[in-house]
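Q: Got a predicted structure here, sequence first:
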Amino acid sequence: MTWQSPIAPGLSWYQDSVADRPTYEPLDGSVAVDVAIIGGGFTGLQAAFNLAKRGVSVVLIEASRFGDGASGRNGGQLGSGQRAWPDELEPELGYERSRALFDMAENAKRHLLDFAETHGIDIDYMPGQMNVSHKRTGADDYRRVADLLATRYDYPHVAFMDRAETAERLGSSHYRHGVRDAGTGHIHPLKLLIGLARVAAEAGARICEMTPATGI
């Protein structure tokens with residue numbers, strides 16, 4: 001029987017494209033640990049793994065099943081940098097801080113891919129992303145961002161696309177220009193979460209599904 005999450009609007013493609021997810025027993029009775037974690041998304045499970053690997057006793061409780069929330073149902077896009085482009089952040093924060101934020105995001109991408117490879121988690125990584133626009137204006141902004149990333153942020157993976165290239169790559173003439181980013185891509189978020197739960201449990205963390213927190 002296919003599991004239908006009580007907190008999801010329906011069966012996601014991610015859930016439909018994986019085999020039966022492993023289940024983890026609810027917490028039964030009392031337990032005393034060094035650290036208790038509430039919530040089994042990416043952050044909670046990664047914290048449980050990191051703590052358990054260092055010998056800390058930890059229990060994690062999740063009200064539903066791992067992957068029922070946003071961590072298992074998000075778009076799976078690995079973006080480069082922050083939500084705002086560096087040419088927006090630099091005037092506000094200065095180059096040093098803007099560069100630090102960009103490097104932090106790059107380190108996060110590298111960590112995720114390396115972690116998955118090290119622990120044998122098949123996340124269906126597909127490299128490459130495109131950001132395109134249907135507007136007549138804005139082409140100069142896209143060009144400027146690509147040049148800025150290459151010259152000031154040591155990130156040569158973003159290339160400007162004119163209308164012809166954009167149409168060729170998309171198969172649509174509706175869009176006028178854009179950029180393609182060869183340094184990032186898309187993952188299967190639910191497969192990542194399933195693998196993360198596995199390695200957290202293997203590291204010694206006690207992880208429990210169907211165990212809501214009723215008080216702190």
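A: Okay, I see it. Numbering: from 1, shown residues only.
Q: Averaged pLDDT, stretch 150-161. What do you get?
A: Averaged across stretch 150-161, the pLDDT comes to 97.
Q: What distance separates the opening and closing residues of it?
A: By Cα to Cα, to the nearest Å, the extent of stretch 150-161 from end to end equals 15 Å.
Q: Could you list the residues in contact with that stretch?
A: The contact list for stretch 150-161, computed with Cβ atoms under 8 Å, 6 or more residues apart in numbering, reads 80, 86, 95, 99, 102, 106, 130, 132, 139, 142-143, 145-146, 149, 169, 177-184. In this view, the C-beta of every residue, glycine as well, is placed from N, C-alpha and C.
Q: go on, stretch 135-143?
A: The contact list for stretch 135-143 (Cβ under 8 Å, 6+ apart) reads Asp87, Asn131, Ser133, Phe160, Met161, Asp162, Arg176, His177, Gly178, Val179.
Q: Buried residues, it. List them.
A: Going by neighbour count (16 or more other Cβ atoms under 10 Å), the buried part of stretch 135-143 is Ala139, Tyr142.
Q: residues touching Ile121, list them.
A: Shown in contact with Ile121 (Cβ under 8 Å, 6+ apart): Phe115, Lys191, Leu192, Ile194, Gly195, Leu196, Arg198, Val199.
Q: and which of those is nearest to Trp13?
A: Nearest to Trp13 among those: Lys191, at 12.1 Å, using Cβ to Cβ.
Q: is it true that that closest one lies in a helix?
A: Yes - judged by DSSP: H, G, I helix; E, B strand; the rest coil, Lys191 forms part of a helix.
Q: Was I right to think it contacts Ile123?
A: Yes - taking contacts as Cβ atoms under 8 Å, Lys191 lies within contact range of Ile123: 5.3 Å.
Q: Can you show me the strands along the chain?
A: Taking DSSP state E, the strands of the chain run over residues 35-38, 58-61, 77-78, 126-133, 158-161, 177-186, 206-208.
Q: So which bits of the lowest-mean-pLDDT helix or strand in the chain are buried?
A: In the chain, no helix or strand scores lower on mean pLDDT, DSSP states H and E than helix 13-16, which sits at a mean of 91. Burial within helix 13-16, assessed by neighbour count using 16+ other Cβ under 10 Å, is assigned to Tyr14, Gln15.
Q: same deal with stretch 197-206?
A: Residues of stretch 197-206 classed as buried by neighbour count (16+ other Cβ under 10 Å): Ala197, Arg198, Val199, Ala200, Ala201, Ala203, Gly204, Ala205, Arg206.
Q: before we move on, back to that, mean neighbour count, the strands of the chain: which tops it?
A: Stretch with highest mean neighbour count among these: strand 58-61 (a mean of 23; mean count of other Cβ atoms under 10 Å).
Q: I'd assumed Ile7 was in contact with Asp68.
A: Yes - applying Cβ under 8 Å as the test, Asp68 and Ile7 come out as touching, 5.4 Å apart.
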